[in-house]
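Novice: Here's a sequence, model it:
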Amino acid sequence: MKSFIAFALVTTFSFAAMAQSLEVISPLNADLDHPNDDRLIEPTSPILGKNLVLRIKSDKRHPEIILKELREEYPTLNREIQLASIAYFKTLVNPLKTYCTTAKKEESNDKAIEVVETAAIPIEVLAPLHENYTGHLQSLRNNYVEKSASKIEDQARKSALAYQNQRYDCDVVHQLDTMESKIKKYLPKRFDKLVDLHHKVSSPEAAFPRIQFSVNGFTQHVFGELFKIPYARLSGILKVVYEAQVEWIAARELDKPVERYFTAFEKKATAAGYLPREILLVLAYSTRNMPSLDVQYGYDTEKALLLEVYFWKIHTHRDYVTKKFEKDIFPNAVMKRNPGLYHYATSALMACEVRLHGYSGAMARLMALGNKIGYKVHKLIGELAGKEGKKGIKEIRETAKRQAFGPGVDAGKYGGSYGLKLCKTTPKEHWLKNEPTSAPKTNEGDVPSELDADDLSPELEEVL
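Specialist: Numbering: from 1, shown residues only. Below you'll find the model as predicted:
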């Protein structure tokens, strides 16, 4: 009996020491030190949290050095991120379900939401969830057991897949699905498949927890394709693009002759052996307003962290170049009003994807243009529908102007042309003609199995 009591005490103290050790070395733990902080769940990066993101953004060194130092300083960083992702998905899944099944009026009032940066998650959405999130995350950390690390990785992936499937299972997405089904009935077979391809690339999903007038698009396709690239190759192309941008900015500041911004790092990456499509995927990811990495941390923590560290550095380049050298950005146009680098980049990617699937160049450009027109129309209707009273021509025009309707269409036109031109150089063996044009949504059978109780402490099993 005495030996059993001694064993129990040793085990208890060992687990407590593990939890304390994790707490001391965790760069994320400080987020719970101030539970009343408005940014307890960080609006710009909800998985990494305010403190770690601030550290990455304020560090002026090369992303490779930052990543290396983080991994050396915090050996359990991956597990800590996975625990944070599980807590985040558990906290948001029910509000997401509510969002997906209720009419939305808050989007119609620009003053109803507060964002710390453009396209960040609104404080008003996250603040009411703080107590629930804190409870989930603290419980997971307190019951962390090292031997269950691999199982926590599985659970993070399963939680991410379930959360993402809920984003697809949303009323606004179903409306688009219904519209596409009707369109397909009246199209020849080859164009029938084109609708499926457009759906795959644009990957519409619920925008929650962001608040916007339209569905979110392109995110899951871009990240999904980037995650198919082996880590070393993905790290390599990010490094080439980052360093090419640093070189371009330095030359431009000295008034040295330079090519257009996009062209400069496109040529560097091509010369280094990367494919045009890979370059456009990096371009579509790195020109976003926010990293928008959440479920990706559950899928592959290593790659998600790699992408986020590089994102914040390239994001700084984007903002600086847009402010100081706007006319030197796009390879094939100087537009009166910047349509947004992201919209230009995603239009280029759409044209590239369509062409590499065997459709004509004209069809590729048409799809890129049509996608942006459709997005802008959907966004315009979404805002107008949320407003009370009759909408006259004047209000429609003013709303369209405020939403940059015209520049958005320009992004589809010029971005599609650029993407087509770039992807024409793709070697034939890398064309996508023979790949399936639509990926099935994840079923329960596709996700990892439940955690095995033998691998967990009873407390952690209860939490998960």
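Novice: Assign the most centrally placed residue in the chain to one of the three secondary structure states.
Specialist: In the chain, the residue lying closest to the centroid (Cα atoms, centre = their mean) is Ser292, at 3.3 Å. The three-state assignment at Ser292 reads coil, by DSSP: H, G, I helix; E, B strand; the rest coil.
Novice: Hmm, Gly217 and it touching each other?
Specialist: No - assessed by Cβ atoms under 8 Å, Ser292 is found out of contact with Gly217, at 11.4 Å. Bear in mind the C-beta positions are built from the backbone N, C-alpha and C, glycine included.
Novice: For the stretch 151-300 of the chain, give me the ranges with low pLDDT.
Specialist: Applying pLDDT under 70 to the stretch 151-300 of the chain flags no residue at all.
Novice: ranges for the helices of it?
Specialist: 171-185, 189-202, 219-228, 231-253, 261-271, 276-286, 295-299 (DSSP state H, counting those that start in this stretch).
Novice: Other residues contacting stretch 240-251?
Specialist: Contacting residues not belonging to stretch 240-251 are listed as 62-63, 258, 261, 264-265, 268-269, 272, 274, 279, 282, 286, 310, 313-314, 317, 320-321 [Cβ atoms under 8 Å, 6 or more residues apart in numbering].
Novice: One more pass at 6 Å, please.
Specialist: For stretch 240-251, the surrounding residues in contact (Cβ atoms under 6 Å, 6 or more residues apart in numbering) are 258, 264-265, 268-269, 272, 282, 317.
Novice: hmm, which of those residues are the buried ones?
Specialist: Buried members of those, scored by 16 or more other Cβ atoms under 10 Å, are 258, 264-265, 268-269, 282, 317.
Novice: Tell me the one of those residues nearest Leu341?
Specialist: Using Cβ to Cβ, His317 comes nearest to Leu341 of the buried ones among the contacts of stretch 240-251, at 10.5 Å.
Novice: Quick one: distance of the helix or strand hosting that closest one to the chain centre.
Specialist: In this assignment (DSSP states H and E), His317 forms part of helix 301-324. Mean-position distance between helix 301-324 and its chain equals 12 Å (Cα atoms, centre = their mean, to the nearest Å).
Novice: Let me see the mean pLDDT of that helix.
Specialist: Mean pLDDT, computed over helix 301-324, is 97.
Novice: hey, C-alpha coordinates of it in PDB?
Specialist: Presented in PDB, the C-alpha positions along helix 301-324 are these (Å, rounded to 0.1, in the frame of the first residue of the first chain):
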ATOM      1  CA  THR A 301       1.900  22.800 -37.600                       C
ATOM      2  CA  GLU A 302       5.400  23.000 -39.000                       C
ATOM      3  CA  LYS A 303       4.300  24.300 -42.400                       C
ATOM      4  CA  ALA A 304       1.700  26.700 -40.900                       C
ATOM      5  CA  LEU A 305       4.300  28.300 -38.700                       C
ATOM      6  CA  LEU A 306       6.700  28.600 -41.600                       C
ATOM      7  CA  LEU A 307       4.100  30.400 -43.700                       C
ATOM      8  CA  GLU A 308       3.100  32.700 -40.900                       C
ATOM      9  CA  VAL A 309       6.600  33.900 -40.000                       C
ATOM     10  CA  TYR A 310       7.300  34.600 -43.700                       C
ATOM     11  CA  PHE A 311       3.800  36.200 -44.100                       C
ATOM     12  CA  TRP A 312       4.500  38.900 -41.600                       C
ATOM     13  CA  LYS A 313       7.800  39.800 -43.200                       C
ATOM     14  CA  ILE A 314       6.400  39.800 -46.800                       C
ATOM     15  CA  HIS A 315       3.400  41.700 -45.500                       C
ATOM     16  CA  THR A 316       5.600  44.500 -44.400                       C
ATOM     17  CA  HIS A 317       7.200  44.600 -47.800                       C
ATOM     18  CA  ARG A 318       3.700  44.700 -49.400                       C
ATOM     19  CA  ASP A 319       2.500  47.600 -47.300                       C
ATOM     20  CA  TYR A 320       5.700  49.600 -47.900                       C
ATOM     21  CA  VAL A 321       5.800  49.100 -51.600                       C
ATOM     22  CA  THR A 322       2.100  49.900 -52.000                       C
ATOM     23  CA  LYS A 323       2.600  53.100 -50.100                       C
ATOM     24  CA  LYS A 324       5.800  54.300 -51.800                       C
END
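Novice: Run through the residues that contact the residue nearest to the centre of the chain.
Specialist: By Cβ under 6 Å, 6+ apart, the residues touching Ser292 are Thr219.
Novice: and the residue nearest to Lys303 when sequence neighbours are not counted, how many neighbours does it have?
Specialist: Once flanking residues are discounted, Lys303 sits nearest to Phe227: 5.6 Å by Cβ to Cβ, 6 or more residues apart in numbering. Neighbours of Phe227 under the rule other Cβ atoms under 10 Å: 15.
Novice: Give me the distance between Phe227 and Ala160.
Specialist: To Ala160, Phe227 is 12 Å away according to Cβ to Cβ, to the nearest Å.
Novice: Leaving out sequence neighbours, find the closest residue to Ile314.
Specialist: Excluding the flanking residues, the one nearest Ile314 by Cβ to Cβ, 6+ apart is Ser286, at 4.3 Å.
Novice: Please disregard the earlier target; I meant Val222.
Specialist: Nearest residue to Val222, sequence neighbours excluded (Cβ to Cβ, 6+ apart): Ala284, at 4.8 Å.
Novice: isn't that neighbour right up against His343?
Specialist: No - with contacts counted by Cβ atoms under 6 Å, Ala284 stays clear of His343, the gap being 9.9 Å.
Novice: Looking only at neighbour counts, state which of these two leads.
Specialist: Neighbour count, other Cβ under 10 Å: between Ala284 and His343, Ala284 has more, with 29 against 25.
Novice: how's the protein carved up into domains?
Specialist: Following the TED database, the chain resolves into domains at 50-102+120-189, 217-432.
Novice: and the end-to-end length of the longest one?
Specialist: Right, the one you point to is domain 217-432. Domain 217-432 has an end-to-end distance of 21 Å (Cα to Cα, to the nearest Å).
Novice: Give the other helices and strands that the helix or strand following the helix holding His317 contacts.
Specialist: Using DSSP H and E, the next helix or strand after helix 301-324 towards the C-terminus is helix 341-356. Applying 3 or more Cβ pairs under 6 Å, 6 or more residues apart in numbering; DSSP states H and E, we find helix 341-356 packed against helix 276-286, helix 361-385, helix 405-423.
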